[in-house]
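In: Could you look at this predicted model? Sequence included:
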Amino acid sequence: MSVLNPPLARPMSTNSPLRRRMRRFTAVSGMTLLAIMVVTAFLLPLLFMVTTSFKDKSQLTALGAPWYPAAQETFEYEGRTYPLYVVPLEDGTTQSLALYRAGREASTWVDPANPNAAPFEWEGRWRTLAPEYRLEFYTNNFVTAWNALEFPRLLFNTLMIAGIGTIGAVTSAICVAYGFSRFRFPGRNGLFLLLLSTIILPMQVTLIPTYAVFSIMGWTGTWLPLTVPYFFGNAYNVFLLRQYFLTIPRELDEAAMIDGAGPFRILRSVIVPQAKAAIVAVSLFHFFWAWNEFYLPLIYLQGNQSAEPLSTAIARFNGVYSQEPTLIQAAAIMAMIIPVIVFFLAQRAFMRGIVFSGVEK
Amino acid sequence: MTAASGSATPRIVELGPPPRPSRFSLATREHLSGFLYISPWIVGFFLFTFAPMIASLVLSFTDFDPRSPGSTTFIGLANYQRMAAGILGLNGGDPLIGEALFVTIRFAALLIPITLLFALGVAMLVNSTLLAGRNIFRTLFYMPMQIPIVASTLIWIGMLNASTGWFNQILGALGVSGPDWINSVTWVGPSLVLMGLWGIGNMMLIFLAGLQGIPTELYDACKVDGAGRWASFRNVTLPMLSPVLFYNVIITLIGTFQYFTQAYIIGNGRGDPDNATLFFNLHLYREGWAFYSMGYASALAWLLFAIVLGLTVFLFRSAGSWVYEAGGDR
């Protein structure tokens, strides 16, 4: 480097450490500012959801209402409360005044800053004035949505459907991935290719006969069609786990084998503890995939709403209360709060798993 | 060392149970164990994939109705004729299938370039060494993926509401009067594309992994050659990312043909307004579970499969001409 750029070839001023550090600082702040702006715009709908869910319904259409949940400011005068408005005065300034006695063309007002002065008259229509607002959270939307949805029951149904499915999906995927990664048997590569090719098969191709058989068996309206099929190894999960199992050194298996461990013992005591990270990732993926699933509960639980999970119940709630955005946004928060909290707690497992497998559900 | 069995002085060594004499050779036992462990998948494949596939193919030649399965009759190619006639706009065809295909393809044509560009831009942003707190930004851009689709759809429906939604209020503050997004035949598609931006998480992570896999020597070489930012993006980043780009295109395209939940909720399960959200998969659902013509729905499912398979094969075939892969890796 020093041969190509002899120190004397450059003027000192552009190369001084302070200058360079300043330039880097400007570049970093510029880039970070840009990222903050993009991510704010990207996540703005979340702020919309939170603020809307804490608003009173009347605020949505009220004139001059702020973007945050608010109520009209009031003032207590002679033992009674009066609403506050922003009143333009003759000298061009505005003042917040309490509406003491409303009239059509002229009203009587009290100045909260000077309550000892007598109420005075102001010419003009008070209905055209903007109310004075203060921050206020209405929690009623959550109470209403909670009761209308019967939220505890929905949460229980969702947890059970997703939980049972996850147990099945993970245990079966561990077994199948172990079989594909640790044993040689005739047709292994062909079978693995067949397994992988089922990834591109749309669910709809097998759905109608499966639905017909399940309804003949009387399984519609129960959780069985939503859980039992996952006990047979899903291609995504098997693929992810197999790839991970292949990275576990075979020497560990062999050491256990010399100690007299059989294949199942090796799986339990060597492979599973070594692959904990991948197994956690697969469990989380499947759990929240099942939490999110909409199509299957829609067709299988149509006739039995008491067994419904959150997804279809909240979609139906939206159909009933579509004119009440405050309730809808409260319900949306209730549906997403658990997956989002778990995501922040376990985000490493999530994001690593995706890059590792290169597949998504 | 290991031949302890012949040693004269016995030491206490913890050994497992002595190997049972087996009727099978070591190799056969390995085969059996392998089959035993993959047996859940083999059983599941026959029960939930292979047999239903055959049954679905057979059903697509019948007028199967689950309310009266006894009266199912074989109707030959009638379902496929109805489908083809509908696509060609002939009499007696399915009047909605052309609409469903058009809605789906137009959506894909809009969604794929927009989400690819956005995901690539975000990936490059959160990969920049000039960005402070990169991991926080990665997490935040990924996070909407974890919101259940039903919830995120409801959030966006609220956000895009013509009067109470923030989107039009912000546009209004900028002096633009926004359309009635959700209830307009023209704007409901772009609304769904906007919602689709929340689904870039996986795409962004895959791009990020791709960007991190590019050797820095290539950028150094660019610098030596005097290439600017655009030139090094055009000649290094893009070709090196092309396998990842290709993967993302396939996955998104397949996803579009199976797009359902958002369309179901935004269109009240009917394709509102005026069939503008009647995506292919929603049409299939309605034929099967609203009208109970499950024979025809099976035929639609096979068309869906043919489209998805065809697209995948086409993209894999055409990949050779534009996908760069370092030789010898695979």
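Out: Now that the structure is in, tell me what you want to look at.
In: Would you mind finding the longest helix in chain B?
Out: Selection of the longest helix in chain B by residue count, based on DSSP state H, yields helix B:97-127.
In: which strands and helices sit next to it?
Out: helix A:17-53, helix B:78-88, helix B:134-142, helix B:188-196, helix B:201-212, helix B:238-257, helix B:280-285 (3 or more CB pairs under 8 Å, 6 or more residues apart in numbering or on different chains; DSSP states H and E). C-beta: built from backbone N, CA, C; applies to glycine.
In: Pick the most buried one from those helices.
Out: helix B:280-285 (a mean of 25; mean count of other CB atoms under 10 Å in any protein chain shown).
In: doesn't residue A:235 make contact with residue A:196?
Out: Yes: counting by CB atoms under 8 Å, residue A:196 touches residue A:235, with 6.1 Å between them.
In: Those two: who's more crowded?
Out: Of the pair residue A:196 and residue A:235, residue A:235 is the one with more neighbours under other CB atoms under 10 Å in any protein chain shown, namely 22 against 14.
In: check contacts around that one.
Out: Each residue near residue A:235 by CB atoms under 8 Å, 6 or more residues apart in numbering or on different chains is listed here: A:195-196, A:198-199.
In: hmm, which of the residues you listed are the buried ones?
Out: Among those, the ones that count as buried by 16 or more other CB atoms under 10 Å in any protein chain shown are A:195, A:198.
In: Mind checking which of the contacts of residue A:235 are in helices?
Out: Per DSSP H, the subset of the contacts of residue A:235 in helices is A:195-196.
In: how close does the spatially most central residue of chain B sit to residue B:315?
Out: Central residue of chain B (CA atoms, centre = their mean): residue B:255, 3.3 Å from the mean position. Using CB to CB, to the nearest Å, residue B:255 is found at 14 Å from residue B:315.
In: Ok, residue A:241 next?
Out: Residue A:241 is 27 Å from residue B:315, by CB to CB.
In: who has more neighbours, these two?
Out: Higher neighbour count among residue A:241 and residue B:315: residue A:241, with 27 against 16, using other CB under 10 Å.
In: tell me the mean pLDDT over stretch A:318-331?
Out: For stretch A:318-331, mean pLDDT rounds to 92.
In: Check which residues of that stretch are buried.
Out: A:318, A:321, A:324-331.
In: now do stretch A:201-213
Out: Applying 16+ other CB under 10 Å to stretch A:201-213 flags A:202, A:204-213 as buried.
In: From the chain's centroid, how far away is that stretch?
Out: Stretch A:201-213 sits 29 Å away from the centroid of its parent chain (CA atoms, centre = their mean, to the nearest Å).
In: what do you get for stretch A:292-309?
Out: 21 Å.
In: what does it rub up against?
Out: Counting by CB under 8 Å, 6+ apart, A:153-154, A:157-158, A:161-162, A:203, A:207, A:211, A:214, A:219-223, A:225-226, A:291, A:311-313, A:315-316, A:339, B:148-150, B:260-261, B:264, B:285, B:289 sit against stretch A:292-309.
In: buried ones in that stretch?
Out: Buried residues in stretch A:292-309, counted by 16+ other CB under 10 Å: A:292-301, A:307-309.
In: Near the nearest residue to residue B:67 once chain neighbours are set aside, how many other residues are there?
Out: Nearest residue to residue B:67, sequence neighbours excluded (CB to CB, 6 or more residues apart in numbering or on different chains): residue B:292, at 5.7 Å. The tally of other residues near residue B:292 (other CB under 10 Å) stands at 15.
In: For the helix or strand harbouring residue A:163, which residues meet the burial criterion?
Out: Following DSSP states H and E, one finds residue A:163 within helix A:151-182. Residues of helix A:151-182 classed as buried: A:151, A:154-155, A:157-158, A:161-162, A:164-170, A:172-182 (neighbour count, 16+ other CB under 10 Å).
In: same check, this time on stretch B:62-79
Out: B:62-64, B:66, B:75, B:78-79.
In: before we move on, what about stretch A:116-133?
Out: Buried, per 16+ other CB under 10 Å, within stretch A:116-133: A:119, A:122, A:126, A:129, A:131-133.
In: I appreciate the help and will end here.
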